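**Q** mind looking at a prediction? Sequence and model below.
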Amino acid sequence: MARRTEADEAADAYERHLADHDRDRRRAQGAFYTPPELVAWVLDRALPAAGSVLDPACGTGHFLVAAAHRLGVRAVHGSDLDPDAVRIARDRLHAVDPAVPRAEIERRVVVADGLTAWEGRTFDAVLGNPPFLGQLRRHSAGRSEQHRRGLGAYTDTSAVFLHRALDLAGPGGTVALVQPISVLAARDAGPVRAAVAGRGAVTDFWCSERPVFEGTPVLTCVPVVRIGAGPATDPDTWGALAAPAFGIPPVTLPAGTGTLGERATCTADFRDQYYGLAPFVGDGLPDGTPLVTTGLIDPAESRWGRVPTRFARRRYDAPSVDLAALRADAGGSALARWADARLVPKLLVAGQGRVIEAVADEHGAWLPSVPVVSVVPHDPADLWHLLAITLAPPLVAHAASRYLGSGLTPGSVKVSARQLAALPLPTDEVAWAEGAELARAAQHATDEGRPDLLAATGRAMSVAYGADPASYDWWWGRARRRSWREADK
């Protein structure tokens, strides 16, 4: 272990100051400093035996100093917008090798935007912990516009750095930048994942199911990308890289069996319906139509009228829509047509949960509240078969893995209307039919009888998909918590 210097102590003091006394500045910069053990993990996998290294958002120089101890001060380069952090990084590097003139270190470690500072240069490794800023803010969007072209508007700044680093790493070089776990599945990070696939492959991967950066609950990962390596990592399956860290078992789903979208129409509603309904919602209206929120949906169960929920920032015991008033409203014709289209037999699927949570509206008597997804079978006789699919352990494990990082809570299963429609159908029709009957029985059961029927449905649907028992064990460990009310929405 390298001897700590006064410059290292200054770095610690500066970071403590930001954490304890200047939190607004820290949040504005998106600056959360990297634990030494993670720095070591990255360097062990990304650092070349010899060559040049860049940290484009170096902060006080944790990655640069660790790399300099292995390769020498003249091998490292860095940039950051924070002049105080850059000064400390330079001091730390000078302490590593006082023979390197300060003027030379100042040319290698600069106060600049790492997205634009290194035009025309390439390096053997680009590594570090770039800022996490969520949706690109105005002050950062303007300075990096040329490097955001083709990326989604909500692409996290850290992912923009990852995209840029692909051009800063030379042939055979390595990119290893800390990322929020949302990079694995977020739609707006899709172009970044695709760019990685076009330039190389993810050859190593680190992830933690717990936050490792002091002062933020954000979960993080590090994809190690080797330029020119193959086979390319599928942009749609990055979630599987992190699945082992969350205990999600690997599954192989059948191909060529068709998709749920061929048997049903999957639809998500938006703010027009959410805000449009609000004036017509009351609590327990005598002739009202039940409004089902995500918090009222459990696997094969609606809890409407049994537990309170919230809609449009108000608490309701039994939220109901006054359809007569809605239809009579002069400006509500479009909303009335929407309501009529939804009042058909369907599944209502919650946006996210510990497992896929869906309930059958067999009589077409409920309205969905945004962001509930409606799944309307082309043939009403398929209703229970479709509910059984949502209770299939291998499908839930697949969704949890593939879309890991897109949910609001760690390890939650989040599926959109488009993703539901893409789920494959089972291969064993007999087991599927058995699962459908068990799913119907589970929804019609009492609270006491439902858990056993849900478990039986899961077993039947595991057979229907020809799945390994591990996916059932994982699914039931999560699903039974829902049925026994051990977890909150």
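**A** Right, received. Where do you want to start?
**Q** okay but Ala439 is in contact with Thr457, surely?
**A** Yes - with contacts counted by C-beta atoms under 8 Å, Ala439 reaches Thr457, the gap being 5.0 Å. Quick note: C-beta positions are derived from backbone N, CA and C, even for glycine.
**Q** tell me, what's touching those two both at once?
**A** Ala300, Ala388, Leu391 (C-beta atoms under 8 Å, 6 or more residues apart in numbering).
**Q** any of the residues you listed buried? List them.
**A** Neighbour-count burial (16 or more other C-beta atoms under 10 Å) is assigned, among the shared contacts of Ala439 and Thr457, to Ala300, Ala388, Leu391.
**Q** Val110: which of the residues you listed is nearest?
**A** Closest approach to Val110 among these (C-beta to C-beta): Leu391, at 56.4 Å.
**Q** which residues touch that closest one?
**A** Pro299, Ala300, Ile356, Ala358, Gly435, Ala439, Ala442, Leu454, Thr457, Gly458, Met461, Ala479.
**Q** can you tell me the closest non-neighbouring residue to it?
**A** Thr457 (4.8 Å; C-beta to C-beta, 6 or more residues apart in numbering).
**Q** report all helices and strands that the one helix or strand that neighbour maps to contacts.
**A** Per DSSP states H and E, Thr457 falls inside helix 450-464. With contacts defined as 3 or more C-beta pairs under 8 Å, 6 or more residues apart in numbering; DSSP states H and E, helix 450-464 has these neighbours: helix 383-390, helix 393-402, helix 429-444, helix 469-483.
**Q** least reliable of those helices by average pLDDT, please.
**A** Mean pLDDT is lowest for helix 469-483 out of the helices and strands packed on helix 450-464, coming in at a mean of 84.
**Q** check which helices and strands that one sits against.
**A** Other helices and strands packing on helix 469-483, by 3+ C-beta pairs under 8 Å, 6+ apart, are helix 393-402, helix 450-464.
**Q** phi, psi of the spatially closest residue to Asp283 that is not a sequence neighbour?
**A** Leaving aside its chain neighbours, Asp283 sits nearest to Tyr316 (4.9 Å; criterion: C-beta to C-beta, 6+ apart). The phi/psi pair for Tyr316 (degrees, to the nearest 10) reads phi -130, psi 140.
**Q** Pro424 now?
**A** phi -80, psi 160.
**Q** ok, now how distant is it from Ser406?
**A** 20 Å (C-beta to C-beta, to the nearest Å).
**Q** same check on Gly435?
**A** Taken as C-beta to C-beta, the span from Gly435 to Ser406 is 27 Å.
**Q** tell me which of these two has more neighbours.
**A** The neighbour comparison of Gly435 against Ser406 (other C-beta atoms under 10 Å) goes to Gly435, with 29 against 21.
**Q** show me what contacts the more buried one?
**A** The contact partners of Gly435, taken as C-beta under 8 Å, 6+ apart, are His385, Ala388, Leu391, Ala392, Pro426, Thr457, Ala460, Met461, Ala464.
**Q** could the residues you listed go into JSON lines alongside distance to Val413?
**A** Formatted as JSON lines, the contacts of Gly435 follow (distance: C-beta to C-beta, whole Å):
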{"residue": "His385", "distance to Val413": "20"}
{"residue": "Ala388", "distance to Val413": "17"}
{"residue": "Leu391", "distance to Val413": "12"}
{"residue": "Ala392", "distance to Val413": "12"}
{"residue": "Pro426", "distance to Val413": "19"}
{"residue": "Thr457", "distance to Val413": "17"}
{"residue": "Ala460", "distance to Val413": "20"}
{"residue": "Met461", "distance to Val413": "15"}
{"residue": "Ala464", "distance to Val413": "19"}
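**Q** of those, which pair is most distant in space?
**A** Maximum pairwise distance in those, criterion C-beta to C-beta, is 12.5 Å, between Pro426 and Thr457.
**Q** show the pLDDT at the most far-flung residue of the chain relative to its centre.
**A** In the chain, the residue that sits farthest from the middle, by C-alpha atoms, centre = their mean, is Ala99; the gap is 46.2 Å. Looking at Ala99, its pLDDT is 97.
**Q** how near is it to Arg74?
**A** The value you get for Ala99 to Arg74, if C-beta to C-beta is used, is 10 Å.
**Q** do Glu209 as well
**A** Distance check for Glu209 against Arg74: by C-beta to C-beta, it reads 39 Å.
**Q** one more: Val175?
**A** For Val175, the distance to Arg74 (C-beta to C-beta) stands at 21 Å.
**Q** one more: Ala117?
**A** Separation of Ala117 from Arg74 (C-beta to C-beta): 18 Å.
**Q** now do Leu219
**A** Taking C-beta to C-beta as the measure, Leu219 falls 36 Å from Arg74.
**Q** list the contacts of the residue nearest to Leu391.
**A** Contacts of Thr457 by C-beta under 8 Å, 6+ apart are Ala300, Ala388, Leu391, Gly435, Leu438, Ala439, Ala442.
**Q** can you tell me the closest non-neighbouring residue to the second one?
**A** Yep, that's Ala388 we're talking about. Spatial nearest neighbour of Ala388, excluding adjacent residues (C-beta to C-beta, 6+ apart): Gly435 at 3.9 Å.
**Q** now distance to Ile181 too, for the helices and strands packed on helix 450-464, in CSV please.
**A** Formatted as CSV, the helices and strands packed on helix 450-464 follow (distance: least, C-beta to C-beta, whole Å):
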stretch, distance to Ile181
helix 383-390, 24
helix 393-402, 13
helix 429-444, 32
helix 469-483, 19
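**Q** any regions of the stretch 151-300 of the chain where pLDDT drops low?
**A** Applying pLDDT under 70 to the stretch 151-300 of the chain flags residues 215.
**Q** now do the same contact list for Ser412.
**A** Counted by C-beta under 8 Å, 6+ apart, Ser412 has contacts Gln352, Gly353, Arg354.
**Q** I meant to write Leu347 there.
**A** Contact analysis of Leu347 by C-beta under 8 Å, 6+ apart lists Ala264, Ala358, Val359, Ala360, Asp361, Ser374, Val375, Leu383, Leu386, Leu387, Thr390.
**Q** from these, list just the buried residues.
**A** Ala264, Ala358, Val359, Ala360, Asp361, Ser374, Val375, Leu383, Leu386, Leu387, Thr390.
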